[in-house]
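In: no sequence on hand, only this structure:
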């Protein structure tokens, strides 16, 4: 077995305890709800027979240990139960909404990285000059501006005022879908760009001060080759880690953004399930987000090792 295969197996082995914790915490979610979750699902006017019947159908009358193993068996088979309010399987409902949230998150990441990398590099190359100070102020404003405030402003300006972009929904067809994706993607992506810009700047400043950069310049390489071929490649390693961590934040932040723009994603489904006390659906949505977060961090760790040969060694 070569070194690359061993590294992959090691990372998978370290991921298993995390998966166990995620699934266990999601399982305990319904048991940590204050009061009787069955009564909350049916409402205070429910009869004792209705409460007993629902408790039995959800297998909440079984011992906790039996419920725990039953839940694990369902997760392994892809069976997350039935939605009480929507009368459909949780897996089917998540499968309908998940691609929309994934598309929104990826669009925000692409926008954030596309703005942050050139801005961070420009800021590092012009350290303490007016360009650096200007980008620093813009990044601070982006960090201080929450999504729930930026979203309505973008709607007022670009949808209501200028009439360029649609207000809500996901549209029909690829072109219409991309058009509807712009405003929520920008809302999520700008905050991420502000964080990444500061990270890229700091990392680039550290790399530009290294001995190999002075050697590259002494050999007569162009400044563009020194900055982008050598310094930026090494500076992106910590940025990749931050991107992986920010992916989970974007999934969580999508709940607010999807509500503002009426985006039919997983975040909006989660909020609706919480409002309707549909705990099976809440468990499924949270588990989907948690498993995605674990998978993305595992992928980021692998990419990080591919980008830096020292980590593989």
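Out: Sure, I can see it. Since this is a predicted model, take the numbers as computed values, not measurements.
In: buried sites along the helix or strand residue 97 falls within?
Out: Using DSSP states H and E, residue 97 sits in helix 90-125. Buried residues in helix 90-125, counted by 16 or more other CB atoms under 10 Å: 90-91, 93-94, 97-98, 100-101, 103-105, 107-109, 111-113, 115-117, 119-125. C-beta: built from backbone N, CA, C; applies to glycine.
In: over to stretch 242-253?
Out: Quick answer for stretch 242-253 (16+ other CB under 10 Å): 242-244, 246-248, 250-251, 253.
In: which of the helices and strands in the chain ranks last by mean pLDDT?
Out: helix 309-312 (a mean of 54; mean pLDDT, DSSP states H and E).
In: quick one: pLDDT of residue 3?
Out: Note on residue 3: pLDDT of 58.
In: that older thread, which of the buried residues of stretch 242-253 lies closest to residue 82?
Out: Nearest to residue 82 out of the buried residues of stretch 242-253 is residue 251 (CB to CB; 24.1 Å).
In: got the contact list for the residue nearest to the closest one when sequence neighbours are not counted?
Out: Nearest residue to residue 251, sequence neighbours excluded (CB to CB, 6 or more residues apart in numbering): residue 289, at 5.1 Å. Residues in contact with residue 289 (CB atoms under 8 Å, 6 or more residues apart in numbering) are 248, 251-252, 266, 270.
In: out of the residues you listed, the closest to residue 278 would be?
Out: residue 270 (9.9 Å).
In: distance of the closest residue in space to residue 86 that isn't next to it in sequence from residue 189?
Out: Nearest non-adjacent residue to residue 86, counting by CB to CB, 6+ apart: residue 93, 6.3 Å away. Residue 93 is 27 Å from residue 189, where distance means CB to CB, to the nearest Å.
In: ditto for residue 119
Out: 13 Å.
In: ok so, going back, which helix or strand lies directly C-terminal to the helix holding residue 97?
Out: helix 130-144.
In: and that next one, what does it pack against?
Out: Counting contacts by 3 or more CB pairs under 8 Å, 6 or more residues apart in numbering; DSSP states H and E, helix 130-144 packs against helix 90-125, helix 174-208.
In: would you mind giving these as TSV with mean pLDDT and distance to residue 49 added?
Out: Formatted as TSV, these follow (pLDDT from 0 to 100; distance: least, CB to CB, whole Å):
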stretch	mean pLDDT	distance to residue 49
helix 90-125	85	25
helix 174-208	82	45
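In: how about these in TSV, adding distance to residue 47?
Out: Output for the helices and strands packed on helix 130-144, formatted as TSV (distance: least, CB to CB, whole Å):
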stretch	distance to residue 47
helix 90-125	26
helix 174-208	43
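In: of all those, which lies closest to residue 282?
Out: Ranking the helices and strands packed on helix 130-144 by their distance to residue 282 (criterion: CB to CB) puts helix 90-125 first, at 9.4 Å.
In: got the angle for the closest one vs helix 174-208?
Out: Interaxial angle, helix 90-125 versus helix 174-208 (axes from the mean of the first three to the mean of the last three CA atoms, to 10 degrees): 40 degrees.
In: just checking, what packs against helix 90-125?
Out: Counting by 3+ CB pairs under 8 Å, 6+ apart, helix 90-125 packs on helix 130-144, helix 174-208, helix 232-261, helix 266-275, helix 279-307.
In: export those to a markdown table and tack on distance to residue 77?
Out: Formatted as a markdown table, the helices and strands packed on helix 90-125 follow (distance: least, CB to CB, whole Å):
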| stretch | distance to residue 77 |
| --- | --- |
| helix 130-144 | 43 |
| helix 174-208 | 32 |
| helix 232-261 | 24 |
| helix 266-275 | 21 |
| helix 279-307 | 13 |
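In: compare the mean pLDDT across those helices and name the weakest.
Out: helix 130-144 (a mean of 73).
In: residue 226: how many residues sit nearby?
Out: By other CB atoms under 10 Å, 19 other residues sit near residue 226.
In: and for it, nearest residue in space, chain neighbours not counted?
Out: Leaving out its chain neighbours, residue 226 is closest to residue 216 (CB to CB, 6+ apart), at 4.9 Å.
In: wait, the one you found sits on residue 228?
Out: No. Assessed by CB atoms under 8 Å, residue 216 is found out of contact with residue 228, at 11.6 Å.
In: of these two, which one has the most company?
Out: residue 216 (19 against 12).
In: element containing that one?
Out: Per DSSP H and E: helix 211-218 holds residue 216.
In: list the buried residues for that helix?
Out: For helix 211-218, by 16+ other CB under 10 Å, it's 213, 216.
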